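J.: curious how this folds, go ahead:
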Amino acid sequence: MIRNYLKIALRRLIRQFSYTAINVIGLSAGIASFLLIMMYIQYHFSFDKHIPDIGSWHRVVQIQMAQGVGEQHVAVNMGPLSETLLEELPEVVDAARVMDWGARPVRVGDSFFSQENVVWTDPSAFRLFGIRLLMGNVEDALKDPKSVVLSETVAKKYFGELEKALGQNLEFNNETGYVVTGIMEDQPQNAHLLLDMLVSYESALISYPWLRDWGSNSMPVYIKLSEGANFEDVTVKLNEGLNRYYTENAFSQPPRMYLQPVSDIHLHSGHIKFQINHKQGDYRMVLVFIVIAILIIVIACINFINLAIARSVKRAKEVGVRKVLGANRINLIYQFLGESIIITFLSIILALILVEVSLPEFNRLLDTELSIQFASNLLFNGGLFLLWVLISFMSGIYPAFFMSRYQAVDVLKGSRGQASGIGGWLSRALVVFQFSVAIILIFVVVVTNRQINYVLKKDLGYNYTQVLGVFLQGGNQSQKAALLKPALQQIAGIQSVAAASFINGVAGNQSTIAVDDTTNTRLMVRFGYVDEDFFPLMEIPFVSGRNFSKDFPNDETQSVILNQAAVNYFGWEEPIGMRFRPFGMDTINKRTVIGVISDYHYYSVHHKIEPAAWIISPNNYYTMCVRYSADDAKTVVPLIEEEWNKLFPNIPFEH
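T.: The predicted structure is shown next:
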């Protein structure tokens, strides 16, 4: 019986090809848009789902009151924190420190690699992230200093075969003695923290002994709570217990702390600074996308319904004849639903083709790696089947009941009776709703487009066009900068070269400057390390004073440049010549303000410009900024790489 209904429905749809094509194309466009958005939403909700017992793990977040900045939430903590919490809070049953080491130049024998996603961490990271070792022992792999665990992919890249990797020596920044003690499975990419290489935390303590201090806010700390532990009670104990360890250095008052569930890190961390959060999402935007996806599919279904009702005049006689020949209302409903099922099925097939074709560009625009995987993504398969059923029912049920109400006598006389009035009223209501939603969506698109254009065209306060950054890897920063800068200045097409901590001129650290010991003369600033050519290269204007200069040899040790935001906080009418301590409680070294630059957006335009200070510090030059002419854009990078390889043949070129 069902087969017969489907055959009749299919035959009719083929005869009415234009009507079928319009429905299929319209519905498939809506379904394709819906699927793309839902795949994007599923991608964001999938982050960190590989972590076992994720509900028990939390990240410790500080709330700091920073002068000139206000209240700020930061995801970095003190080195001794994890050990202290394990000792003093019975509710804390496990803890892990994870400190980003950034991209590292790695030497393996006579080969050199640039390795990303390298972290210092504790052995407990295996339990936190559910890492399984293919080779090596979980208990010992990160126990000793200079122990290294590689991902399967990295191990094969370095050594060809996993069996050859264990026990091999690695060299970081010309420092030897690192030993491969384990090979882990490749970790998922949909994680807030990417892990390709783990280095024992004991190694970091050797290189940076100050990590043992309570003033070392440098790393995320994760803790695991015991089953049944009261979240609020642990937070209170956390703050009360740590006050006695706090040593006042960079803040006017001790920071408060709270626990953030690891499951919330990806989508609920927009307010947190100094965090490792790979492809950070925004829960509010995800909700907006969910609403948009639902509205799109509803509009597509309404369009289907309206087209079916519009054709009811032509199908009225068909209904009348079928009823005269013995068809009852249920038979007609089955037939119309059958047509809806077939049209929806064809639309889904076409929608999947559209999605597959659109995914490369969609991934490029949104920086994702989405793909249709029928074999492994059971949620997608189940959702697709449910979508087929819902759309078939939503789109077909009303036309089926509407047209099956026609009375045979009324239709054959040329009148459709009362049903037409009801159908006309509902049809008009659906059209009004459809157009209202469409107008709202168009308005949202226009506003969003204008906001994006505003951000793209906003004056950032500096000119970064035709500027690239060459990363100075491998240690000996001052020596590398001194060798590379004059070499690059000789390349045709390069207009100017400057050394800096990063291409935006600001390092990742934040510290306090202090005029004296009173609270109101302290200011939390972002520090930048630049040479005398950085501000001219970036076309950052000076409000007052002068730039760093080789004509003033003492600039490296005694001078500082502030931005306008820092000067405004102090309320200085004449900042030039003012002196202060640049690093918190340093009571010996003072620097003199020699210049003030206008504020520029060294970070996102979504955040206010914070106070910042710049000094000359060659040991902190990690980027060589290069401005090149537009005519030489295609040739300048190969020439820079060639010069790099001459000077540093053992270090990979990165820009």
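J.: contacts, neighbours, all on C-alpha from now
T.: OK.
J.: torsion angles phi and psi at residue 133?
T.: Here the main-chain torsion angles of residue 133 (degrees, to the nearest 10) amount to phi -90, psi 130.
J.: tell me, how many residues neighbour the nearest residue to residue 644 once chain neighbours are set aside?
T.: The shortest distance from residue 644 to any non-neighbouring residue, by Cα to Cα, 6 or more residues apart in numbering, is to residue 653 (6.8 Å). Using other Cα atoms under 10 Å as the criterion, residue 653 is surrounded by 20 other residues.
J.: now swap in residue 203 and tell me
T.: The local packing of residue 203 (other Cα under 10 Å) involves 20 other residues.
J.: does it touch residue 146 like I think?
T.: Yes: the pair residue 203 and residue 146 qualifies as a contact (Cα atoms under 8 Å) at a distance of 5.2 Å.
J.: can you tell me the SS state at the residue nearest to residue 644?
T.: Three states are possible here, and by DSSP: H, G, I helix; E, B strand; the rest coil the one that applies to residue 653 is coil.
J.: dump the residue contacts of it.
T.: By Cα atoms under 8 Å, 6 or more residues apart in numbering, the residues touching residue 653 are 470-471, 641, 644-645.
J.: may I see the buried residues of the strand or helix carrying residue 157?
T.: With elements taken from DSSP states H and E, the one containing residue 157 is helix 152-159. Neighbour-count burial for helix 152-159, with 16 or more other Cα atoms under 10 Å as criterion, is recorded at 152-156, 158.
J.: so where do the strands sit in the stretch 101-250 of the chain?
T.: Chain-ordered strands for the stretch 101-250 of the chain, with DSSP state E, counting those that start in this stretch as the definition, fall at 111-121, 133-136, 147-151, 169-172, 175-184, 197-200, 221-225.
J.: a markdown table for those, including distance to residue 636, mean neighbour count and mean pLDDT?
T.: Compiled in a markdown table, the strands of the stretch 101-250 of the chain are given as follows (distance: least, Cα to Cα, whole Å; neighbours: other Cα atoms under 10 Å; pLDDT from 0 to 100):
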| stretch | distance to residue 636 | mean neighbour count | mean pLDDT |
| --- | --- | --- | --- |
| strand 111-121 | 21 | 18 | 88 |
| strand 133-136 | 44 | 18 | 91 |
| strand 147-151 | 35 | 26 | 93 |
| strand 169-172 | 29 | 18 | 87 |
| strand 175-184 | 32 | 20 | 89 |
| strand 197-200 | 33 | 26 | 94 |
| strand 221-225 | 43 | 23 | 93 |
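J.: to residue 487, which of those lies closest?
T.: strand 111-121 (22.4 Å; Cα to Cα).
J.: direction included, what does the closest one pair up with?
T.: Sheet neighbours of strand 111-121, with direction, are listed as strand 92-108 (antiparallel), strand 197-200 (parallel) (DSSP bridges).
J.: can you give the distance from that strand to the centre of its chain?
T.: Going by Cα atoms, centre = their mean, to the nearest Å, the spacing between the C-alpha centre of strand 111-121 and its chain's C-alpha centre is 21 Å.
J.: could you do stretch 472-482 as well?
T.: That offset, for stretch 472-482, works out to 30 Å (Cα atoms, centre = their mean).
J.: now do the same end-to-end measure for that stretch.
T.: In terms of Cα to Cα, to the nearest Å, the two terminal residues of stretch 472-482 are separated by 11 Å.
J.: what does that stretch contact?
T.: Residues lying outside stretch 472-482 but in contact with it, judged by Cα under 8 Å, 6+ apart, are 104-105, 172-174, 499, 618-624, 651.
J.: mean confidence for it?
T.: Stretch 472-482 shows a mean pLDDT of 77 in the predicted model.
J.: which element follows the helix or strand of the chain with the lowest mean pLDDT toward the C-terminus?
T.: Averaged element by element with mean pLDDT, DSSP states H and E, the chain has its least confident helix or strand at helix 408-413 (a mean of 53). Following the chain from helix 408-413 toward its C-terminal end, the next helix or strand by DSSP H and E is helix 419-457.
J.: so what secondary structure elements neighbour that following helix?
T.: Judged by 3 or more Cα pairs under 8 Å, 6 or more residues apart in numbering; DSSP states H and E, the packing partners of helix 419-457 are helix 283-310.
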